[in-house]
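# Output the structure for:
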Amino acid sequence: MKKRIITIERQYGSGGSVIGRLVAEKLGINCYNRQILEMTAEKCGVSPEYLESAEENVPTSFLYSLLLSANPARSMEDSLPLSDKVFLMESRIISEIAENEESFVLVGRCGNYVLEENGCFSVYIYADAESRAKRAVAEYGIASNKADSVMKKADKRRETFYNVNTGRLWQDKDTYCLCLNSAVLGDDLCAELIVKAYNEYNAEY
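Below you'll find the predicted structure:
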C-alpha cells in the first residue's frame with residue numbers, strides 16, 4: 001500500500017511542527033497539528049487547553065477504563081475518562097480527514113497508529129536536549145531557567161499519551177519509517193529528506 005499520508009511524532013523543541021509545515025508546503029498538501037485538538041475541543045464544548053490538561057491524566061491501564069464502564073446505565077464510551085475520550089474523538093476526526101484527503105501531513109496525535117491501515121509514511125524527529133532547550137527559549141519564548149523542566153514535562157505528556165493509547169513505545173525508532181536528528185540536519189534539510197523519501201517510496205510502489 002502506498003504511504004499517501006505523512007505522520008510526524010516529535011520531541012519537544014525538535015522543530016517537528018516547523019518541519020511538518022515545510023513538508024506540506026513543498027508537497028502542496030495540508031498540514032494538521034493543533035487543529036485536531038481544536039476540532040475535538042469544539043465538539044466537546046471545552047477549550048483546547050482543557051483537553052491538553054486531560055491528556056496529562058491518562059490512566060496507566062485500560063483496566064481502569066473497564067472498571068469505570070461497569071455501570072450498565074451508561075455506554076462504554078460515556079464511562080471512559082476524558083483522556084480516553086480525547087483520543088477516541090481525535091482518532092475519528094483524523095480518520096474523517098483521511099477519507100476526504102488523499103494526502104496530508106499530521107503532526108502528533110498518535111498519527112502513525114491511527115492511520116496505519118491508511119498507509120502512512122511515519123517520521124520521528126528528535127534532537128539533543130541542549131539544542132531543544134535553545135529552541136524553546138529562542139522560538140517558544142520559554143524562560144531559560146525553565147526550559148529544561150518544560151521540555152521534560154512536554155515530552156513525558158506526549159510519551160505517556162502515545163504509549164497508553166497505542167500500546168507501543170513513543171521513542172522506539174523501529175516504529176517509524178524514518179527518524180531524523182533535526183539538531184544535526186536542520187529543519188530545511190529534514191523537510192527535504194522527508195519529501196524525497198516520501199516521493200521515492202510512492203514512485204517505487
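# which residue ranges form the strands in this structure?
Here the chain has its strands, by DSSP state E, at 5-10, 30-32, 104-107, 120-126, 178-181.
# is it true that V114 touches R92?
No: assessed by Cβ atoms under 8 Å, V114 is found out of contact with R92, at 9.3 Å. C-beta here means a position set from N, CA and C on the backbone, and glycine is covered the same way.
# Could you list the single helix or strand in the protein with the lowest mean pLDDT?
Least confident helix or strand, the chain: helix 62-68 with a mean of 44, by mean pLDDT, DSSP states H and E.
# Kindly check the end-to-end length of stretch 178-197 for me.
End-to-end distance for stretch 178-197: 8 Å, by Cα to Cα, to the nearest Å.
# returning to what we had before: for the strands of the chain, give me JSON lines that also has mean pLDDT and mean neighbour count.
Converted to JSON lines, the strands of the chain look like this (pLDDT from 0 to 100; neighbours: other Cβ atoms under 10 Å):
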{"stretch": "strand 5-10", "mean pLDDT": "96", "mean neighbour count": "27"}
{"stretch": "strand 30-32", "mean pLDDT": "97", "mean neighbour count": "18"}
{"stretch": "strand 104-107", "mean pLDDT": "97", "mean neighbour count": "26"}
{"stretch": "strand 120-126", "mean pLDDT": "96", "mean neighbour count": "23"}
{"stretch": "strand 178-181", "mean pLDDT": "97", "mean neighbour count": "18"}
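# closest to S17 out of the ones you listed?
Closest of the strands of the chain to S17 is strand 104-107, at 5.5 Å (criterion: Cβ to Cβ).
# helices or strands up against that closest one?
Packed against strand 104-107 by the contact rule (3 or more Cβ pairs under 8 Å, 6 or more residues apart in numbering; DSSP states H and E) you find strand 5-10, helix 16-27, strand 30-32, helix 82-100.
# Point out the most buried one among these.
Burial of those is given as mean neighbour count (mean count of other Cβ atoms under 10 Å); strand 5-10 ranks first at a mean of 27.
# Adjacent strands (with direction) for it?
With DSSP bridges as the test, strand 5-10 is paired with strand 104-107 (parallel), strand 120-126 (parallel).
# Now render these as JSON lines, adding distance to A154.
Below are the strands paired with strand 5-10 laid out as JSON lines (distance: least, Cβ to Cβ, whole Å):
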{"stretch": "strand 104-107", "distance to A154": "14"}
{"stretch": "strand 120-126", "distance to A154": "13"}
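# and the spatially most central residue of the chain, what is it in contact with?
Among the residues of the chain, the one closest to the centroid is G108, at 1.0 Å (Cα atoms, centre = their mean). If you count contacts by Cβ atoms under 8 Å, 6 or more residues apart in numbering, G108 has them with I8, E9, R10, G16, N33, I36, R158.
# who does the closest residue to the second one other than its chain neighbours bridge with?
Same thing as E9. Sequence neighbours aside, Y124 is the residue nearest to E9 in space, at 5.1 Å (criterion: Cβ to Cβ, 6 or more residues apart in numbering). Under DSSP bridges, the beta-bridge partners of Y124 are E9, C179.
# Hmm, Y124 is touching N181, no?
No: using Cβ under 8 Å, Y124 is not in contact with N181, being 10.0 Å away.
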